[in-house]
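Visitor: build the 3D model from these lines:
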Amino acid sequence: MNNTIRIKLSVMMFLEFFIWGAWFVTLGTFLGNNLKASGAETAAVFSTQSWGAIIAPFIIGLIADRYFNAEKILGILHLAGAFLMYQMYQSQDVSLFYTYVLSYMVLYMPTLALVNSVAFNQMKDAEKEFANIRVWGTIGWILAGLAISFIFHWDTTEAIGQGLLKNTFLLAGIAALILGIFSFTLPQTPPKVSDEKVKITDILGLDALQLLKDKNFLIFFISSILICIPLAFYYQNAHPYLTAAGVENPTGKMAIGQISEALFLLLIPVFFGRYGFKKTILVGMLAWAIRYVLFAYGNGSDLSFMLIIGIALHGICYDFFFVSGQIYTNSKAGEKYKSAAQGLITLATYGIGMLIGFAVAGWITDNYKTVDGGTNWQMVWIIPAGIAFAVFLIFALFFDQKKEVKTTVTL
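Guide: Sure thing, here's the model as predicted:
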């Protein structure tokens, strides 16, 4: 890969995740303060991510993989996304806002696969080259959060009160417009030519359902769905909670989670080699429970360090469960079902699991309102901590590591 292409792919990844990080982190706070959304309404808005994840395979499988160049579809989707971001910026009604964000997520979620397709198409050795390109996506997400907190100061109490948090949508929209135009300069990524009839089971990864006959994989599959319930609490409630707790520059400080994610990714091969898959994934599950206990009993003043530690645990929570799970799924599936199995796990987690999780998080938030209109945040965090610990126990008791072939991991 020559340097020009490497730089273009790095810029593509940077903008792709800068866009997401620029508005999604602060979304819960914006909904509660600017649009006066209830917990259930907030849950519905966040659930658009799941609907986008469910619909995305159809766009990729039925359109991108068969008829049009990936970079051109990427450009069109982001240009349309820029328009929808501007509509979200102007929206003052939660119902209308929901329509815009749902439309946006249906367009955005497929781009996560498209940027990978464009990148992989230029690589001779993806195992060595992809990480160096993909890391710019993480950097983009981090810099979006730092910009909101330390350059624009849109997440201060005063700025939120003035309605300035809506500017995050304008920022994301500008980045989407730039990426939309830039995408047409990316290396050509033609569709996969195939005369075979497309099956819905292939698109959704349903052919991999036979893997559920393996008891260990079934336990992992169920645990993957259940662990997404506490995950949804973090996405939906972390920023509003940090804001309510009086934490300064909450968006920038939440970027610590992405920094942690990048660092702990490097430790996965070490844990796999020394402790095996079961212990690695159990550490990830337990980290969810610990972080929410820290959130429940920390505060924005003398115990603010507990909240920072909770944010920093994101790397263990995400990498040790989700990345380890993707590696485990890959090893169980074999060559025939590799893509189908990954699609099935994505559907189970970001589709089914997160839909349930956002609904539960919204219901809990609504049912633990205080008499003065605030939120009993301690209970809002104790409940997902209990759910995460329950999933930890289920996996610890029923997953039999002795039946697993040792998996070697290289990242």
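Visitor: give the next helix or strand downstream of the helix or strand of the chain with the lowest mean pLDDT.
Guide: Least confident helix or strand, the chain: helix 200-204 with a mean of 60, by mean pLDDT, DSSP states H and E. Remark: after helix 200-204, the chain's next helix or strand is helix 215-244, criterion DSSP states H and E.
Visitor: helix or strand next in line after that next one, which one?
Guide: For helix 215-244, the succeeding helix or strand toward the C-terminus, using DSSP H and E, is helix 250-265.
Visitor: just want the angle from that following helix to helix 215-244.
Guide: Compare the direction of helix 250-265 with that of helix 215-244 by axes from the mean of the first three to the mean of the last three CA atoms, to 10 degrees and you get 150 degrees.
Visitor: got the CA positions of helix 250-265 in PDB?
Guide: The C-alpha coordinates for helix 250-265 follow below in PDB (Å, rounded to 0.1, in the frame of the first residue of the first chain):
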ATOM      1  CA  PRO A 250     -17.800  15.200  30.900                       C
ATOM      2  CA  THR A 251     -17.600  14.600  27.100                       C
ATOM      3  CA  GLY A 252     -13.800  14.900  27.100                       C
ATOM      4  CA  LYS A 253     -13.400  12.700  30.200                       C
ATOM      5  CA  MET A 254     -15.600  10.000  28.600                       C
ATOM      6  CA  ALA A 255     -12.900   9.900  25.800                       C
ATOM      7  CA  ILE A 256     -10.800   8.100  28.500                       C
ATOM      8  CA  GLY A 257     -12.900   5.100  27.700                       C
ATOM      9  CA  GLN A 258     -11.800   5.000  24.100                       C
ATOM     10  CA  ILE A 259      -8.200   5.500  25.100                       C
ATOM     11  CA  SER A 260      -8.600   2.600  27.500                       C
ATOM     12  CA  GLU A 261     -10.200   0.500  24.700                       C
ATOM     13  CA  ALA A 262      -7.200   1.000  22.500                       C
ATOM     14  CA  LEU A 263      -4.700   0.100  25.200                       C
ATOM     15  CA  PHE A 264      -6.500  -3.000  26.500                       C
ATOM     16  CA  LEU A 265      -6.900  -4.300  23.000                       C
END
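Visitor: any stretches of the stretch 201-350 of the chain with poor pLDDT?
Guide: 201-207, 334-340 (pLDDT under 70).
Visitor: can you map out the helices along the stretch 1-150 of the chain?
Guide: Assigned by DSSP state H, counting those that start in this stretch, the helices in the stretch 1-150 of the chain fall at 3-23, 27-33, 39-46, 48-59, 70-90, 94-120, 126-146.
Visitor: let me see the mean pLDDT of the last one.
Guide: It refers to helix 126-146. Average pLDDT, helix 126-146: 87.
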